[in-house]
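1. only geometry, no sequence info:
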């Protein structure tokens, strides 16, 4: 079965490597969607199967994937869902040599993007997505005002980073941040030891308030299977 009519897609590809001597190698690509979705209009389920592409040596690994910010999808609970992401696993190979595994990395495909060369995508994690609108929070620990806005911002710390960033195994583990209300703070991330380039937990400061994303749980492919709610203290 093909994707339902109206679903827009982007070409994702990874070119085959070559050695410094000019010999062609091979590339194998595995793509894991972050969620299971249902196409609302047709009821077609999109299951998070791993998409695998393994062309012959010298060939380009490529496939079409749906844009991650398009409307028209819902999760299995019936909530409208956008802004999912994909996790890429790349293995480079060459006859007579041991394969080389690149670090896992996450990426998203905004509408309007027609193609993406995965060789140009930095290793690391994409913004942790949300599946449905949250109830408006009017106060936390006595604080009022734009509390719900700040909580939403805390879910995408990479949008707050500014200035010099400290990397650990390809993941940003320290950076200054600026919130939308102009308040500055500090981002501190804990890099995953099992999946280089990924962050398992982090904290953000806003004045005397700290936003903490507790450690996530990942499957054997590095996909997030459980993401605790952000704690405000």
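-> Structure's in. What do you need? Model, not experiment: these values are computed from the prediction. Numbering: from 1, shown residues only.

2. List the contacts of residue 116.
-> Neighbour list for residue 116: 10-13, 107, 109 [criterion: C-beta atoms under 8 Å, 6 or more residues apart in numbering]. (Glycine included, C-beta is placed from N, CA and C.)

3. how near is it to residue 59?
-> Between residue 116 and residue 59 the computed distance is 18 Å (C-beta to C-beta, to the nearest Å).

4. again, but for residue 191
-> 33 Å.

5. wait, residue 187 sits on residue 160?
-> Yes: assessed by C-beta atoms under 8 Å, residue 187 is found in contact with residue 160 at 6.7 Å.

6. rewinding a little: just want to know which of residue 191 and residue 59 has more residues nearby.
-> A direct count of neighbours by other C-beta atoms under 10 Å for residue 191 and residue 59 places residue 191 higher, at 20 against 14.

7. residue contacts, the more buried one?
-> 168-169, 171, 173, 198-200.

8. Give me the phi and psi for residue 214.
-> phi -60, psi 160 (degrees, to the nearest 10).

9. What pLDDT does the model give it?
-> In this model, residue 214 is scored at 93, pLDDT.

10. what about it, how many neighbours?
-> Neighbour tally, residue 214, other C-beta under 10 Å: 14.

11. neighbours around the closest residue to it other than its chain neighbours, how many?
-> In space, and not counting its chain neighbours, residue 214 is closest to residue 228: 4.2 Å by C-beta to C-beta, 6 or more residues apart in numbering. Look at residue 228: counted by other C-beta under 10 Å, it has 12 neighbours.

12. and if you look at residue 78?
-> So residue 78, with other C-beta under 10 Å, has 10 neighbours.

13. Contacts for the helix or strand hosting residue 64 next, please.
-> Using DSSP states H and E, residue 64 maps to strand 61-66. For strand 61-66, contacts defined as C-beta under 8 Å, 6+ apart pick out 3, 7-14, 16, 27-29, 31, 46, 51, 53-55, 86, 109.

14. Give me the buried entries from these.
-> 7-8, 10, 12-14, 16, 27-29, 31, 46, 51, 53, 86, 109 (16 or more other C-beta atoms under 10 Å).

15. Which of those residues fall in strands?
-> Here DSSP state E is the test, and these give 10, 12-14, 27-29, 31, 46, 51, 53, 86 as lying in strands.

16. right, and out of those residues, which lies closest to residue 68?
-> residue 86 (7.3 Å; C-beta to C-beta).

17. got the ones in strands among the buried ones among the contacts of strand 61-66 as a markdown table, with distance to residue 212 columns?
-> A markdown table is the format used below for those (distance: C-beta to C-beta, whole Å):
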| residue | distance to residue 212 |
| --- | --- |
| 10 | 34 |
| 12 | 33 |
| 13 | 38 |
| 14 | 35 |
| 27 | 38 |
| 28 | 37 |
| 29 | 35 |
| 31 | 31 |
| 46 | 32 |
| 51 | 34 |
| 53 | 38 |
| 86 | 27 |
